[in-house]
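# quick one: sequence plus predicted model below, questions after.
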Amino acid sequence: MIRLIASLSFLVMLAACAGTAPAPSASTPAAAPSTPASEASAPSAPAAEQFGATAPSTSTGESTPAAESQVLFNSQQLDNYRLVTPENTPASQQFAAAQAGTQAAAPASSQSSQYPPDPYKDFPALTESVFAYADSLYRAGFTDSATAYLERFRIIKPLWLQWEKRADSLLNEFGKTRAEKSKQFDPMVLKIQNMNRAQSAYSLVKETADSLMALNPGDSLVAWAGEQKKIAYGNTLQKARRDLAEIRALAEGRAEFNAAQEKLKEFQLRYRDFEDSLQTAALAARIQELAAVADSVAKNYWSSHDPAQALAQADTLKNQEKFPEAKDLLNKLMFSNLRQQALEKYNALADAYCNKQRKITSQLFTKAQKQKDPQNKKSLLQDAIDSLDNCLVEYPDYSQKQKVIDNKDFLQKELSK
């Protein structure tokens, strides 16, 4: 019994040392829940307000006289802006590194833990084990022992008050440090917020956010800066897609290949970070392909050929899965009086071709999962990835392009295992 009570005391003390706020009690008001990093990505209040200031403690009646006279740092506004959620609390390697300086003084039994104690889970679990043990004593007929055991548990409250006082002291120290950092990094935070509100280019937001993260502003602010980079990436990606659609329209819709190539060169310089996402190299190849077809098709070609018949033939070739022949014919039809119909058929051909490649990928993946030989499995997975690449290269504007990219990412993770 004494050993179990000792383990309870040690675990709670260890949690207090970890800097985690104690669970709310009848004499202590509950702390405001922290805001997840994803929700704190675009705070509505000015940064100066979000980063808060010092204020008197709101401790209630059971505090000791010394605690009542102490002015504690109130970080409620700061917490709403910067605290990470429990799911993002550093663990494993990060926790091991953080506790490296204190392990020498800790009992041997505690040094094997790889994760920080979670008071919201560990305390209730340990308490339940105390009640369960007392109940087992009672059911076994050891009523006196069960009573004595629970009485020892019942008088732990003075220790808890000491732990609360120590936690308050640590929180005060941590809060002041965080407030100083907040003042230091407030200008950069405001700058990033304003850039995202104005939907500035991703490269500019990324540069500022990376500079902020390099200054080690604290784990929560690092996470926030990462979220801001994602927001900026999404904003710029939308604009880039609109610009790219205009370039494609110049080539496919109006056959202005030289103008399209020039605009694409400017686009690639302006959106260097989006080469892979938008596959601009594939569009450049597409423009060159159409330009070559335009040179090969004589001006009087369609005066001796029936565009309507060619359009029907392209449909037949697509249904027969003769994709290269269908594509070649539709490219020629781009320079006939049925350009719009040819473009619609071209998009339908892209869907048919890519759906075929996705089906092949699915079959290869299923076959790979049944392989016992690791090399054979990797070879099949690579073939599956190649099929998806065929789709992205041949038809970079395929309607289900994002699904293809997601499938490719999944297969690459499987291949790296």
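Received, thanks.
# tell me which helix or strand in this protein has the weakest average pLDDT.
Within the chain, no helix or strand scores below helix 47-50, which has a mean of 32 by mean pLDDT, DSSP states H and E.
# and the most far-flung residue of the chain relative to its centre, what are its phi and psi?
Residue farthest from the centre of the chain, counting by C-alpha atoms, centre = their mean, is Ser304 at 57.4 Å. As for Ser304, its main-chain torsions (degrees, to the nearest 10) stand at phi -110, psi 0.
# show me what the longest helix anywhere in the chain is packed up against.
Counting residues, the longest helix found in the chain (DSSP state H) is helix 157-197. With contacts defined as 3 or more C-beta pairs under 8 Å, 6 or more residues apart in numbering; DSSP states H and E, the packing partners of helix 157-197 are helix 2-17, helix 47-50, helix 76-82, helix 202-214, helix 219-248. Bear in mind the C-beta positions are built from the backbone N, C-alpha and C, glycine included.
# sec struct for Gly141, please.
coil (DSSP: H, G, I helix; E, B strand; the rest coil).
# count the residues that sit near it.
Gly141 has 9 neighbouring residues, counting by other C-beta atoms under 10 Å.
# measure it to Ala132 for me?
17 Å (C-beta to C-beta, to the nearest Å).
# next: Glu394.
In this view, Glu394 and Ala132 are 65 Å apart by C-beta to C-beta.
# just Leu244 next, same as before
64 Å.
# these two - which one has more neighbours?
Legend: neighbour count by other C-beta under 10 Å for Leu244 and Ala132, higher for Leu244 (21 against 10).
# contacts only, for that one.
Residues near Leu244 by C-beta atoms under 8 Å, 6 or more residues apart in numbering: 267, 278, 280, 283.
# can you put these in JSON lines and add pLDDT and secondary structure?
Listed next are the contacts of Leu244 as JSON lines, based on pLDDT from 0 to 100; DSSP: H, G, I helix; E, B strand; the rest coil:
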{"residue": "Phe267", "pLDDT": "93", "secondary structure": "helix"}
{"residue": "Leu278", "pLDDT": "82", "secondary structure": "helix"}
{"residue": "Thr280", "pLDDT": "86", "secondary structure": "helix"}
{"residue": "Leu283", "pLDDT": "85", "secondary structure": "helix"}
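# and those residues, which are buried?
When those are checked for burial by 16 or more other C-beta atoms under 10 Å, the buried set is 267, 278, 280, 283.
# how many residues are close by Arg358?
Per other C-beta under 10 Å, the neighbour tally for Arg358 reads 19.
# give me the element it is part of.
Taking DSSP states H and E as the criterion, Arg358 maps to helix 339-369.
# helices or strands up against that helix?
helix 307-319, helix 323-333, helix 374-394, helix 401-416.
# just to revisit the earlier point, averaging pLDDT over each of the helices and strands packed on helix 157-197, which comes out lowest?
The minimum mean pLDDT among the helices and strands packed on helix 157-197 belongs to helix 47-50 (a mean of 32).
# contacts only, for the closest residue to Leu317 other than its chain neighbours.
What sits nearest to Leu317 in space, not counting adjacent residues and going by C-beta to C-beta, 6 or more residues apart in numbering, is Ala326, at 3.8 Å. Listed by C-beta under 8 Å, 6+ apart, the contact partners of Ala326 are 314-315, 317-318, 349.
# ok, and the most crowded of these?
Using other C-beta under 10 Å as the neighbour test, those are led by Ala314, with 26 neighbours.
# quick one, what contacts that residue?
Taking C-beta under 8 Å, 6+ apart, we find Ala314 in contact with 326, 329-330, 333, 342, 345, 349.
# now Lys356
Under the criterion of C-beta under 8 Å, 6+ apart, the neighbours of Lys356 are 321, 323.
# please redo it, this time with the cut-off set to 10 Å
321, 323, 387, 390-391 (C-beta atoms under 10 Å, 6 or more residues apart in numbering).
# okay, now the closest residue to Tyr353 other than its chain neighbours: neighbour count?
Among residues not flanking Tyr353 along the chain, Phe323 sits closest, at 4.8 Å (C-beta to C-beta, 6+ apart). For Phe323, the neighbour count with other C-beta under 10 Å is 20.
# thought Glu394 was touching Phe323, still the case?
Yes - taking contacts as C-beta atoms under 10 Å, Phe323 lies within contact range of Glu394: 8.0 Å.
# can you pull the residues that touch both of these two?
Common contact partners of Phe323 and Glu394 (C-beta under 10 Å, 6+ apart): 349-350, 353-354, 357.
# just to revisit the earlier point, any chance of the buried ones among the contacts of Leu244 in TSV, plus distance to Ala223?
Listed next are those as TSV, based on distance: C-beta to C-beta, whole Å:
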residue	distance to Ala223
Phe267	32
Leu278	27
Thr280	31
Leu283	35
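# which one of the residues you listed is nearest Ala310?
Checking the buried ones among the contacts of Leu244 against Ala310 with C-beta to C-beta, the nearest one is Leu283 at 25.1 Å.
# give me every residue that touches that closest one.
Under the criterion of C-beta under 10 Å, 6+ apart, the contact list for Leu283 reads 244, 247-248, 251, 260-261, 264, 267-268, 396-397.
# quick check on those residues: which are buried?
The buried subset of the contacts of Leu283 (16+ other C-beta under 10 Å) comprises 244, 247-248, 251, 260-261, 264, 267-268, 396-397.
# redo the residues you listed as JSON lines? Include distance to Val293.
Supplementary listing: the buried ones among the contacts of Leu283 in JSON lines, determined by distance: C-beta to C-beta, whole Å:
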{"residue": "Leu244", "distance to Val293": "21"}
{"residue": "Ile247", "distance to Val293": "18"}
{"residue": "Arg248", "distance to Val293": "16"}
{"residue": "Ala251", "distance to Val293": "11"}
{"residue": "Ala260", "distance to Val293": "14"}
{"residue": "Gln261", "distance to Val293": "15"}
{"residue": "Leu264", "distance to Val293": "18"}
{"residue": "Phe267", "distance to Val293": "22"}
{"residue": "Gln268", "distance to Val293": "23"}
{"residue": "Pro396", "distance to Val293": "17"}
{"residue": "Asp397", "distance to Val293": "17"}
